[in-house]
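Chemist: how does the following fold in three dimensions:
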Amino acid sequence: MDEMRLLEAIGKMMDEKLEQTLEEKIGKVLDEKLEQTLEEKLGKVLDEKLDQKFDEKLGKVLDEKLDQKFDEKLAPVHERLGRLENDVSGLKRDMAEVKADIKDLKYRVIVLEDKVDVMRKDIDGMKADIDEMKYQGEVTRSGVNTLLSWAENVESVVKVPLMGAAR
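Modeler: Numbers count the residues shown, from 1 in each chain. The predicted structure follows:
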C-alpha cells in the first residue's frame, strides 16, 4: 500500500512539474503559431467567417497541439512509472523470497539449538563418566600399589621371589 502512495506522490509531483513546463513551452509555441496563423488568415478571411472559423480552428489546433505535447511530455513519465511498477513488483517478489529464507533459517536455528542441547547433555554425561573413570583409575592404582607393597613384604617373609617373575 505504501508503494502505491509513493507512486501517487511521485505522479502528483511529476504532474505539477509537467503542468508548469507545459504551460511555459506551450505558451511560447502557441504564441508563435497564433501569431503566424493570424497574419496569414486575417488577410484572406472575411470578418464574419473569421470569427467562426478562427474559434473552431484555434480550438482544434490548440487541442491537437496540447494533446501532442502532453503525450510527448508524459511518454517518458509513463515509461518511468512502468519501470517503477516493475521494480516494485520485483522488490515484492524479492521480499517474499527473503521472508521465506528467514523463515527457513529460523527453523534451522531451532533445529540446531535442539541438537546443541542434546549434545550438551551427552557431553555432561561423558564428563561424569570420565570423572568416574578417573576415580576408578585412582582406586585401582591405589589397590595395585597396596598389592605390590604386600607382595614385597610377603617375599621377604616367605623368601619366595614373588616380584621377580613380575619384573
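Chemist: in which helix or strand would I find the residue nearest to V160 when sequence neighbours are not counted?
Modeler: Once flanking residues are discounted, V160 sits nearest to V154: 8.0 Å by CB to CB, 6 or more residues apart in numbering. For every residue, glycine as well, the C-beta is placed using N, CA and C. In this structure, V154 sits in helix 47-158 according to DSSP states H and E.
Chemist: helices or strands up against that helix?
Modeler: helix 2-42, helix 162-166 (3 or more CB pairs under 8 Å, 6 or more residues apart in numbering; DSSP states H and E).
Chemist: mind pulling up the pLDDT for the residue nearest to V160?
Modeler: Reported pLDDT at V154 in the predicted model: 82.
Chemist: so what's the residue count around it?
Modeler: Burial measure for V154: 13 neighbouring residues, criterion other CB atoms under 10 Å.
Chemist: can you check L30 too?
Modeler: Other residues close to L30 by other CB under 10 Å number 16.
Chemist: repeat for A151
Modeler: Look at A151: counted by other CB under 10 Å, it has 13 neighbours.
Chemist: what sits against T21?
Modeler: T21 is in contact with K73, counting by CB atoms under 8 Å, 6 or more residues apart in numbering.
Chemist: circling back to that earlier point, how far out from the middle of the chain is the helix holding V154?
Modeler: 10 Å (CA atoms, centre = their mean, to the nearest Å).
Chemist: now I102: how far from V109?
Modeler: Noted for I102: a distance of 10 Å to V109, by CB to CB, to the nearest Å.
Chemist: tell me where the model's unsure across this structure.
Modeler: Across the chain, the ranges flagged by pLDDT under 70 are 1, 38-54, 162-167.
Chemist: what about 50?
Modeler: Within the chain, no stretch has pLDDT under 50.
Chemist: pick out the residue closest to the middle of the chain.
Modeler: M95 (5.4 Å; CA atoms, centre = their mean).
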